[in-house]
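Asker: Any chance you could fold what I've pasted below:
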Amino acid sequence: MKKILLVVLLALLPLSINAESKLNQILSSGALKVGTTGDWDPMSMKDPATNKYVGFDIDVMQELAKHMGVKVTFIPTEWKTIVSGIVSGRYDISTSVTKTAKRALVAGFTNSYYKYGTVPLVLKKNLKKFPTWESLNNEKVTIATTLGTSQEEKAKEFFPKSKLKSVESPARDFQEVLSGRADGNITSSTEANTLVIKYPKLAIVQDGEKNPAFLAMMVDKNDQVWNDYVSEWIKNKKASGFFDNLLIKYNLKSL
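Answerer: Here you go, the predicted structure:
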């Protein structure tokens, strides 16, 4: 019934907009294609045991598909190609990414539903050596970054004196720290809190969080109908407590 009502509402839109909108295509095909990297714990992770995606964002997308009365298909992508996948139409929407001016040049952002800070990670045994952000800003220090992430750009800003070492997916920046090939990396406070539990050798530099940033889904920049629909859905789900319940489920807190 909900799906029929959506189709009727779409029919009332101007034909040129209706014909172009992903929303109409998704409802007609019965399939929602979602691009996701599967390497951002706890937002989107690919479970090697089942080969299925799990996480905060995965729950969000499954709920969106359920609301629309369609099936969801997760399309593998990487951080360096996640934006181009939206631009090329490889998928209808992405799981959450950090809203940046660079991405906004070519892709559209839905309403945000999560806010986080950025923190550095180092080996726990090196915490005395690197007690602050500034201690990592040194020509003798190597900072690892993952190609295509928002942290890759921020590392240049935070550590202009340091050597930056970029790695490509499926490799990750924190793995360079674990192996000793880099002294540190920066990541969202969300992922950092998960990583230090999973990898006890890692530790968060306790010098405060920087760069408050917002997460949102990416959609076609020119498809305002689809963007408005998802953004309104997010707004309603926030009011219903859906996102609050997910924060509890994944032991997260929004800044």
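Asker: what residues go with each domain of this structure?
Answerer: The chain breaks down by automatic domain parsing into domains covering 2-110+217-249, 115-212.
Asker: Would you single out the least confident of those?
Answerer: Mean pLDDT is lowest for domain 2-110+217-249 among the domains of the chain, at a mean of 90.
Asker: And that domain, how far out from the chain middle?
Answerer: 12 Å (CA atoms, centre = their mean, to the nearest Å).
Asker: Let me have the domains of the chain in JSON lines, extended by mean neighbour count.
Answerer: C-beta coordinates here come from the backbone N, C-alpha and C atoms, glycine included. Converted to JSON lines, those look like this (neighbours: other CB atoms under 10 Å):
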{"stretch": "domain 2-110+217-249", "mean neighbour count": "17"}
{"stretch": "domain 115-212", "mean neighbour count": "18"}
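Asker: what's the helix or strand for Gly85?
Answerer: Secondary structure assigned from DSSP states H and E places Gly85 in helix 82-87.
Asker: neighbouring contacts of the host helix or strand of Trp233?
Answerer: Using DSSP H and E, Trp233 sits within helix 224-240. Outside helix 224-240, the residues that touch it by CB atoms under 8 Å, 6 or more residues apart in numbering are 10, 13, 17-18, 20-24, 63-64, 67, 92-93, 108-111, 113, 217, 219-220, 243.
Asker: Likewise for stretch 66-83?
Answerer: With contacts defined as CB under 8 Å, 6+ apart, stretch 66-83 is touched by 2-3, 6, 26-27, 29-38, 46, 53, 58, 61-62, 64-65, 85, 90-91, 94, 97, 103, 106-107, 146-149, 168-170, 218, 233.
Asker: cutoff 7 Å now
Answerer: For stretch 66-83, contacts defined as CB atoms under 7 Å, 6 or more residues apart in numbering pick out 2-3, 26-27, 30-38, 53, 61-62, 65, 85, 90-91, 94, 97, 103, 106-107, 146-149, 168-169, 218, 233.
Asker: Inside helices: which ones of the residues you listed?
Answerer: Of the contacts of stretch 66-83, the ones assigned to helices by DSSP state H are Lys2, Lys3, Ile26, Leu27, Met61, Gln62, Ala65, Gly85, Arg103, Trp233.
Asker: Tabulate those (a markdown table), appending distance to Leu178.
Answerer: What follows is these, written out as a markdown table (distance: CB to CB, whole Å):
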| residue | distance to Leu178 |
| --- | --- |
| Lys2 | 47 |
| Lys3 | 47 |
| Ile26 | 40 |
| Leu27 | 45 |
| Met61 | 30 |
| Gln62 | 31 |
| Ala65 | 36 |
| Gly85 | 29 |
| Arg103 | 28 |
| Trp233 | 38 |
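Asker: Closest to Phe174 out of the residues you listed?
Answerer: The closest of those to Phe174 turns out to be Arg103 (CB to CB; 22.2 Å).
Asker: What sits closest to that closest one if chain neighbours are left out?
Answerer: Distances taken as CB to CB, 6 or more residues apart in numbering put Val83 closest to Arg103, at 5.6 Å, once the chain neighbours are dropped.
Asker: now that neighbour: how far from Met43?
Answerer: Distance, Val83 to Met43, using CB to CB, to the nearest Å: 17 Å.
Asker: With Ser166 instead?
Answerer: Counting by CB to CB, the gap from Ser166 to Met43 is 21 Å.
Asker: same check, this time on Asp228
Answerer: Distance, Asp228 to Met43, by CB to CB: 24 Å.
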